[in-house]
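A.B. asks: next comes the sequence, and after it the predicted model I'd like to discuss.
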Amino acid sequence: MMTQSAILRLVRTVGLAAALATTSPALAQNPFSAAAWVNGDIVTHYEVEQRALFLDIVRTPGDLEAQALEALVNERLQSQLADEMGLTATPEEIEEGVVEFAARADLGVEQFLRQVGEEGVAPETVRDFVAAGISWRKVVQTRFGPVARADANEPAVETARLYSTSLDDAELLLAEIVVPITAQNQDTLREEIGRLADDLNGRTDDFSEAARRFSVVPTREEGGLTGWRPFSAIPPVLREYFLTLAPGETSEPISLGPAWAIYQMRGVRERGFRPPATSAIEYATIPVAGGLTPEGLAAAAELRAAVDSCEDLYGQSPAGLEITTAPLRDIPTDIAMALSPLDPGEMSFEVTRQSGSVLLVVMMCDREVETPEGGLEAIQQGLFTAGLESYADTLLAELHADAIIEYTP
């Protein structure tokens, strides 16, 4: 017998779950009476029962009757439009669709239909489902294929290359306390900040207060909060360590070169998009005398107001300007942390040198990113498919808005 896991993989592949919404009349005793009328077309209780049985086979959670009914109402609307456009699936297309459907579970058509039939699902139920899907795809591709292809143009592909869709990546919200190494504290700072980390572990309010008192970077004004930062922008040596911290947990002291820092985890969240893997970063550094004193910060702010990009720095020719291109792993930790939230053209005033007497202005010039597997053609195809899905969702919503749908108790 076909296993439930095999059927589950099969149904997920053709996207059944994404087609379902919620509404919930009970099944009537007469299986061929109307569960709903859709622009005069009937959806019977028998059809609802069949679809609910199919959902039960794949262990779909929730109100199966409600999900089955709404899916069938959607398919009626889709099929009605396909009929109007002369795009209804042909018998040959339906049979080919059933063959493909069964093959994805490593089964022949007869074996597949026999095995789902043993669970109470009729062959006509499978064929009707396949036919509705084929007809709707033909409608969407005919109506929106050209515009979706035009949308997947070169600028859109380049944007997608820089921001690929993924829910596997994350953003981290951290709080930080950064203390520079000086001649007076160089022998004791590591131990002292370690004790501070122990004292503040799990105490977010106290950590924020300590950041305002002891930290030397601008985040002290926000109680040490760094803002949400992409996990991929965190220096590689720190990524796995930060993910081991529970919310409220404080890190061990971390060397930033001329300073020691402690971080407190405040949160982790998934994102709807993320920058792909960064192969290298181009950035500029400009030393400014005075460190984080009002005079030093004023000079840094004057520089920021005078330039919009790293190219503008050449015209300004500030003393000590260096522009570097390097893999993220080779960038000093404090500079990498400062770069992590920046877009090209933005500056950070968080890094210091020479025991805090020099402010090292850090400016993001550019990120070199790796092209995702499959190349630009794969990105373009993904944009085309996503565009079709978006247009299809909008069209279905319009069909609902214009339809006369009556549900029968």
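C.D. replies: On my side now, so go ahead.
A.B. asks: only C-alpha atoms for contact and neighbour calcs from this point on.
C.D. replies: Noted.
A.B. asks: quick one, strands of the chain?
C.D. replies: Using DSSP state E, the strands of the chain run over 34-38, 41-44, 164-165, 170-180, 225-230, 254-255, 259-270, 273-274, 278-289, 322-326, 347-353, 358-369, 405-407.
A.B. asks: partners of the second one in the sheet?
C.D. replies: Looking at strand 41-44 with DSSP bridges, its partner strands are strand 34-38 (antiparallel).
A.B. asks: next, count neighbours for Val43.
C.D. replies: By other CA atoms under 10 Å, the residues close to Val43 number 22.
A.B. asks: show me what contacts the residue lying closest to it once chain neighbours are set aside?
C.D. replies: When the adjacent residues along the chain are set aside, Val43 lies closest to Ala36, with 5.2 Å between them (CA to CA, 6 or more residues apart in numbering). Neighbouring residues of Ala36 by CA atoms under 8 Å, 6 or more residues apart in numbering: Ile42, Val43, Thr44, Val73, Ile405, Glu406, Tyr407, Thr408.
A.B. asks: try it again with 7 Å
C.D. replies: Each residue near Ala36 by CA atoms under 7 Å, 6 or more residues apart in numbering is listed here: Ile42, Val43, Thr44, Ile405, Glu406, Tyr407, Thr408.
A.B. asks: would you turn these into CSV with distance to Gln354 and pLDDT?
C.D. replies: Listed next are the contacts of Ala36 as CSV, based on distance: CA to CA, whole Å; pLDDT from 0 to 100:
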residue, distance to Gln354, pLDDT
Ile42, 80, 93
Val43, 77, 93
Thr44, 79, 93
Ile405, 74, 93
Glu406, 76, 93
Tyr407, 76, 91
Thr408, 79, 88
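A.B. asks: name the nearest of the residues you listed relative to Gly62.
C.D. replies: Lowest distance from Gly62 to those (CA to CA) belongs to Tyr407, with 19.7 Å.
A.B. asks: number of residues surrounding the closest one?
C.D. replies: Neighbours of Tyr407 under the rule other CA under 10 Å: 15.
A.B. asks: how much space between it and Glu70?
C.D. replies: From Tyr407 over to Glu70 the distance is 10 Å, taken as CA to CA, to the nearest Å.
A.B. asks: show me which of the contacts of Ala36 are buried.
C.D. replies: Buried subset of the contacts of Ala36 (neighbour count, 16 or more other CA atoms under 10 Å): Ile42, Val43, Thr44, Ile405, Thr408.
A.B. asks: farthest pair in those residues?
C.D. replies: Thr44 and Ile405, at 13.5 Å, using CA to CA across the buried ones among the contacts of Ala36.
A.B. asks: show me where the stretch 301-409 of the chain has its helices.
C.D. replies: 310-316, 333-339, 375-402 (DSSP state H, counting those that start in this stretch).
A.B. asks: okay if I get those as TSV plus mean neighbour count and mean pLDDT?
C.D. replies: Formatted as TSV, those follow (neighbours: other CA atoms under 10 Å; pLDDT from 0 to 100):
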stretch	mean neighbour count	mean pLDDT
helix 310-316	14	91
helix 333-339	22	88
helix 375-402	16	82
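A.B. asks: now tabulate the ones you listed in a markdown table and tack on distance to Thr88.
C.D. replies: Putting those into a markdown table (distance: least, CA to CA, whole Å) gives the following:
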| stretch | distance to Thr88 |
| --- | --- |
| helix 310-316 | 57 |
| helix 333-339 | 55 |
| helix 375-402 | 16 |
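A.B. asks: which one of those lies nearest to Leu174?
C.D. replies: Using CA to CA, the helices of the stretch 301-409 of the chain put helix 333-339 closest to Leu174, at 11.3 Å.
A.B. asks: output the closest one as CSV, nothing but the C-alphas.
C.D. replies: Once non-C-alpha atoms are left out, helix 333-339 reads as follows in CSV (Å, rounded to 0.1, in the frame of the first residue of the first chain):
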residue,chain,number,x,y,z
THR,A,333,36.3,41.8,14.2
ASP,A,334,35.4,45.3,15.4
ILE,A,335,35.3,46.6,11.9
ALA,A,336,33.3,43.7,10.6
MET,A,337,30.7,44.2,13.4
ALA,A,338,30.5,47.9,12.5
LEU,A,339,30.0,47.0,8.8
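A.B. asks: coming back round to it: among the helices of the stretch 301-409 of the chain, which comes closest to Leu55?
C.D. replies: helix 375-402 (22.0 Å).
A.B. asks: ok, residues contacting stretch 401-409?
C.D. replies: Among residues not part of stretch 401-409, those counted as contacts by CA under 7 Å, 6+ apart are Pro25, Ala34, Ala35, Ala36, Trp37, Val38, Asn39.
A.B. asks: in this structure the second one contacts Tyr46, no?
C.D. replies: So that's Ala34. No - with contact defined as CA atoms under 7 Å, Ala34 does not reach Tyr46; the gap is 9.0 Å.
A.B. asks: what residues do these two have in common as contacts?
C.D. replies: By CA under 7 Å, 6+ apart, Ala34 and Tyr46 have no common neighbours.
A.B. asks: can you give me the neighbour number for Phe349?
C.D. replies: Residues near Phe349, counting by other CA under 10 Å: 20.
A.B. asks: oh, that last question was meant for Glu192, not what I typed.
C.D. replies: Count around Glu192 with other CA under 10 Å applied: 12.
A.B. asks: ok, residues contacting stretch 350-359?
C.D. replies: Counting by CA under 7 Å, 6+ apart, 180-182, 217-218, 258, 287-292, 296, 334-335, 338, 349, 360-361 sit against stretch 350-359.
A.B. asks: and that stretch, average pLDDT?
C.D. replies: In this model, stretch 350-359 carries a mean pLDDT of 89.
A.B. asks: could you dump it to CSV, C-alpha only?
C.D. replies: Listed next in CSV are the C-alpha coordinates belonging to stretch 350-359 (Å, rounded to 0.1, in the frame of the first residue of the first chain):
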residue,chain,number,x,y,z
GLU,A,350,31.9,52.9,16.6
VAL,A,351,35.5,51.8,16.1
THR,A,352,38.4,53.4,17.9
ARG,A,353,42.2,53.0,17.9
GLN,A,354,45.1,54.1,20.0
SER,A,355,43.4,53.5,23.4
GLY,A,356,40.3,55.4,22.2
SER,A,357,42.1,58.6,21.2
VAL,A,358,41.4,58.0,17.5
LEU,A,359,38.0,57.4,16.0
